[in-house]
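K.L.:
Attaching a predicted model along with its sequence, questions to come.
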Amino acid sequence: MEDIKTLNGIGSRRATLFEKKGIRSVEDLLYFFPRTHEDRTKFSNIAACVPSEYVCIRAKIFAPVKETRIKKNFTVYSVTIFDDSGAMNVVWYNNRFVKDAFRTGEECMFYGKIGFNRGKKELQNPVFEKGNSGRQIGRIVPVYPLTEGLTQKMVCSAMEQAIERTGRIAEYIPKEIRSRYEIAEINFAMRNIHFPESFENYEIARKRFVFEELLILQLAILNRREKNFGVRGVRFKNTKCITDFTSALPFELTSAQKRVLGEISADLESERPMNRLVQGDVGSGKTAVAAAAMYAAYKNGYQSAIMAPTEILANQHYETFLRFFKDMPVRIVLLTSSVTKKNDLYEAIESGDADIIIGTNAIIQEKVEFKNLGLAVTDEQHRFGVSQRACLVAKGENPNVLIMTATPIPRTLSLILYGDLDVSMIDELPPGRKPVSTYAVGENMRRRVYSFLDKHIKNGSQAYVVCPLIEESEKNDLANAKGIFDKLAAIFPQYNIGLVHGKMRAAEKDTIMRDFVDGKIDILVSTTVIEVGVNVPNSNIMIIENAERFGLSTLHQLRGRVGRGQDQAFCIMFVHSDNEITKKRMKIMCRSNDGFYISEEDLKLRGPGDFFGTRQHGLPELKIANLFCDMDILKSAQKAATEIESGEFSKNCDLSILRKKVDKLICDNIVLN
Ligand code: ADP
Ligand code: MG
């Protein structure tokens, strides 16, 4: 690959700037796509210009540039220009390069913003070019995402040179595929993605690169699926026993739970190891489903493990499982960093004495060896890195894998995000759940909110008060939650108030959480550490401070902590922002209790950039495709990928470069690897 320094004007200093954007080679540069384009094709005449608009003007210079020093470090340069319609002043601030740039009477092109000064229009700080064939004016100009020190001009000039060499890019999507999906040829597309002759051409070019990007990603995903396909793993001979387990539960499973369990059973009995993601809104009852599958493991003579992201949650699962498996000769163990007599536990796990292992990431330490892990469950998978998940799986020999998440991924997107997993959906809540009444309020309501709180706590309820991490800095995080804690302690001396925050030691946090679970604490002030999975049926009020700082999915998860008991639950969000988008987002929260709806709406408001910026899914960052807007292209790319894999295209379809690109993507990305 040609080094970017082979381009004129790029020495090692500029190369470093480009490198900050991940650009090392000319090819990298070509794939550095513009953020947007500016239409600078239409010229206005001077008389028709309107203040605050950006315009292109072609005009003549009336007189030499005037230099006016206003004060130290502030000099204004101005020149009068004219066309058939009138005359206007052009000004630049502190730009001494313009001083000798013009000759009287010569024709120039300008692009800039029209301002207003002493009752007159003027053109402020425009770019300008001479002659007729413009590079920055008179055409559609790309706007690149920059970094400090890198200018549009530098990128454009480098890009123009790179494009001039584009005659040399070899096409790697064969014609047969391109004509079936109406995809433009690479060299045309490359020119027009950067310097389009028209916006129609730009769209054609963009479609090509979106398709290409998604096709490569989809091929990589299929490739991985393929790899897993032939794998033989742990197989459970018989899972009918699951009904023994479920009929002994203190409740009847919802039909969604039953359906998902059916899907799991089929996986468990097949030769291919299960690789299933179960999505279900908070409170939909994922734990019982996991427990049933783990029961099947036990009955088939295998160990199973469930890994939870926090100690509190692991403890809670442990207690739940003890109840579920009461009166059964199953040995259940809890392994977290704070349990004692770890060596005994390790031994029980290794010897096969322990049937069901519940824990935090303590269970993936090297010291922990299983006798025969047949089912590995990860709870609240978004809290775990991909590698942690892989570590757990590696504790067995191709065990069945079950992943549970409450982070709702819109249906339309789960295919690409979890293309290599089978997805099940628990899309129903247990009966009798009342939606949490949700309100967004301003600071002026604080007293009323507190008297509401008082009334409910007097009646025996418990409440959460959640504060955001104001900054990453631990001090502020603490100060904020601590401030609220102090305030509440002063207002409600008669109640027990607890405080947990992210910087506490796990044992400390645990004690306080335990006291809350046991009802010894009335109001629990916390940072978002309580977000995941904890179940305290008696708590039915949640107050969220600075709710505008949270993503809607997080707010929804937080809210899911309440409303687990019989009583009507409330979620009150303090909002300190008048921002229109914030208002819309809060409205969505107040209106809906449906996690999928909320995440879809959030996606619309925030755009997928943010949504997928979280890297939870671990997939490569997309350069140009927008999974939300490019759904149609995604579908054709998925179709094309399937056709390619099933050998539908003719033999003389050369896919070798495309395959190399797929391999590179797989190589660079651990999820696909
Ligand atoms: P999540 O999906 O958020 O992990 P849990 O598994 O913690 O939800 O379940 C939430 C609560 O609902 C638990 O108290 C659980 O016992 C209860 N539950 C689960 N399934 C049912 C059901 N079918 N009917 C009634 N209650 C249920
Ligand atoms: Mg859960």
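P.N.:
Cool, got the structure. Ligands and ions are numbered 1, 2, ... in the order given.
K.L.:
hey, let's count contacts and neighbours off CA atoms from now on
P.N.:
OK.
K.L.:
Let me know whether residue 81 touches residue 91 as I believe.
P.N.:
No: using C-alpha atoms under 8 Å, residue 81 makes no contact with residue 91, being 10.7 Å away.
K.L.:
Spell out the residue ranges of the strands in the stretch 501-650 of the chain.
P.N.:
523-526, 539-544, 570-574 (DSSP state E, counting those that start in this stretch).
K.L.:
Tabulate the ones you listed (JSON lines), appending mean neighbour count.
P.N.:
Shown next, in JSON lines, are the strands of the stretch 501-650 of the chain (neighbours: other C-alpha atoms under 10 Å):
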{"stretch": "strand 523-526", "mean neighbour count": "26"}
{"stretch": "strand 539-544", "mean neighbour count": "26"}
{"stretch": "strand 570-574", "mean neighbour count": "23"}
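K.L.:
which stretch among these comes nearest residue 290?
P.N.:
strand 539-544 (24.9 Å; C-alpha to C-alpha).
K.L.:
returning to that earlier point: for ligand 1, find the nearest of the strands of the stretch 501-650 of the chain.
P.N.:
Closest approach to ligand 1 among these (C-alpha to the nearest ligand atom): strand 539-544, 12.7 Å.
K.L.:
What count of nearby residues applies to the residue in the stretch 101-250 of the chain that ligand 1 sits nearest to?
P.N.:
At 8.0 Å from ligand 1, residue 250 is the closest residue in the stretch 101-250 of the chain, using C-alpha to the nearest ligand atom. When neighbours are counted by other C-alpha atoms under 10 Å, residue 250 registers 9.
K.L.:
Can you tell me the SS state at it?
P.N.:
Using DSSP: H, G, I helix; E, B strand; the rest coil, the structure places residue 250 in coil.
K.L.:
Per-residue confidence, it, what does it come out as?
P.N.:
Per-residue confidence (pLDDT) for residue 250: 92.
K.L.:
residues in contact with it?
P.N.:
Listed by C-alpha atoms under 8 Å, 6 or more residues apart in numbering, residue 250 has no contact partners.
K.L.:
Residue 178: what's it in contact with?
P.N.:
By C-alpha under 8 Å, 6+ apart, the neighbours of residue 178 are 184, 185.
K.L.:
swap the cut-off to 7 Å and go again
P.N.:
residue 184 (C-alpha atoms under 7 Å, 6 or more residues apart in numbering).
K.L.:
before we move on, what about residue 565?
P.N.:
Contacts of residue 565 (C-alpha under 7 Å, 6+ apart): 537, 538.
K.L.:
8 Å instead, please
P.N.:
Here residue 565 is in contact with 537, 538, 539, 540 (C-alpha under 8 Å, 6+ apart).
K.L.:
Pick out whichever of those residues sits closest to residue 357.
P.N.:
Using C-alpha to C-alpha, these come closest to residue 357 at residue 537, 25.3 Å.
K.L.:
Wait, a strand at residue 114?
P.N.:
Yes: secondary structure of residue 114 (three-state DSSP): part of a strand.
K.L.:
Would you check that it makes contact with residue 54?
P.N.:
Yes: between residue 114 and residue 54 a contact is recorded at 6.3 Å, counting by C-alpha under 8 Å.
K.L.:
With mean pLDDT and distance to ligand 1 as added columns, please give the strands of the stretch 501-650 of the chain in a markdown table.
P.N.:
Formatted as a markdown table, the strands of the stretch 501-650 of the chain follow (pLDDT from 0 to 100; distance: least, C-alpha to the nearest ligand atom, whole Å):
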| stretch | mean pLDDT | distance to ligand 1 |
| --- | --- | --- |
| strand 523-526 | 93 | 20 |
| strand 539-544 | 94 | 13 |
| strand 570-574 | 96 | 17 |
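K.L.:
what's the closest of those strands to residue 329?
P.N.:
Short answer: strand 539-544, nearest of the strands of the stretch 501-650 of the chain by C-alpha to C-alpha, at 33.6 Å.
K.L.:
got the angle between that closest one and strand 570-574?
P.N.:
10 degrees (axes from the mean of the first three to the mean of the last three C-alpha atoms, to 10 degrees).
K.L.:
Now the stretch 351-500 of the chain against ligand 1: closest residue?
P.N.:
residue 430 (4.4 Å).
K.L.:
Neighbours of that residue, how many?
P.N.:
15.
K.L.:
Next, the contact list for the nearest residue to it once chain neighbours are set aside, please.
P.N.:
Computed as C-alpha to C-alpha, 6 or more residues apart in numbering, the closest residue to residue 430 that is not its neighbour in sequence is residue 254, at 6.0 Å. Taking C-alpha under 8 Å, 6+ apart, we find residue 254 in contact with 428, 429, 430, 431.
K.L.:
Secondary structure and pLDDT added to those, as a markdown table?
P.N.:
Output for the contacts of residue 254, formatted as a markdown table (DSSP: H, G, I helix; E, B strand; the rest coil; pLDDT from 0 to 100):
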| residue | secondary structure | pLDDT |
| --- | --- | --- |
| 428 | coil | 90 |
| 429 | coil | 88 |
| 430 | coil | 89 |
| 431 | coil | 88 |
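K.L.:
can you pick the most crowded of those residues?
P.N.:
residue 429 (19 neighbours).
K.L.:
pretty sure that one contacts residue 284?
P.N.:
Yes: the pair residue 429 and residue 284 qualifies as a contact (C-alpha under 8 Å) at a distance of 4.7 Å.
K.L.:
thinking again about what came up before, let's have the strands of the stretch 501-650 of the chain in a markdown table, adding distance to residue 392.
P.N.:
What follows is the strands of the stretch 501-650 of the chain, written out as a markdown table (distance: least, C-alpha to C-alpha, whole Å):
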| stretch | distance to residue 392 |
| --- | --- |
| strand 523-526 | 30 |
| strand 539-544 | 33 |
| strand 570-574 | 36 |
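K.L.:
Can you find the helix or strand in the chain with the smallest mean pLDDT?
P.N.:
helix 608-613 (a mean of 46; mean pLDDT, DSSP states H and E).
K.L.:
Residues of the chain that sit close to ligand 1?
P.N.:
251-254, 280, 282-288, 430, 533 (C-alpha under 6 Å from any ligand atom).
K.L.:
repeat that for 8 Å
P.N.:
For the chain, the residues in contact with ligand 1 (C-alpha under 8 Å from any ligand atom) are 251-254, 257, 280-289, 320, 379, 406, 429-431, 533-535, 537, 560, 564.
K.L.:
Would you list the buried entries among these?
P.N.:
Buried by 16 or more other C-alpha atoms under 10 Å: 253-254, 257, 280-289, 379, 406, 429, 533-535, 537, 560, 564, out of the residues of the chain next to ligand 1.
K.L.:
pLDDT weak spots in the stretch 101-250 of the chain?
P.N.:
Low-confidence segments of the stretch 101-250 of the chain, defined by pLDDT under 70: 132-133, 166, 225-230.
K.L.:
Would you map the helices across it?
P.N.:
Secondary structure of the stretch 101-250 of the chain (DSSP state H, counting those that start in this stretch): helices at 152-164, 175-181, 186-194, 199-229, 242-247.
K.L.:
Nearest to residue 627, out of those?
P.N.:
helix 199-229 (9.1 Å).
K.L.:
what angle sits between that closest one and helix 186-194?
P.N.:
Going by the same axes, to 10 degrees, helix 199-229 makes 120 degrees with helix 186-194.
K.L.:
tell me what helix 199-229 is packed against?
P.N.:
helix 186-194, helix 631-645, helix 656-668 (3 or more C-alpha pairs under 8 Å, 6 or more residues apart in numbering; DSSP states H and E).
K.L.:
Please point out which parts of that helix sit buried.
P.N.:
Judged by neighbour count using 16+ other C-alpha under 10 Å, the buried positions of helix 199-229 are 201-202, 204-224, 228.
K.L.:
Just want to check the distance between residue 481 and residue 596.
P.N.:
In this view, residue 481 and residue 596 are 30 Å apart by C-alpha to C-alpha, to the nearest Å.
K.L.:
When the two are compared, which one has more neighbours?
P.N.:
residue 481 (24 against 20).
K.L.:
Excluding covalently adjacent residues, which one is nearest to that one?
P.N.:
Nearest one to residue 481, counting by C-alpha to C-alpha, 6+ apart, is residue 467 at 5.6 Å.
K.L.:
mind pulling up the phi and psi values for the one you found?
P.N.:
phi -120, psi 150 (degrees, to the nearest 10).
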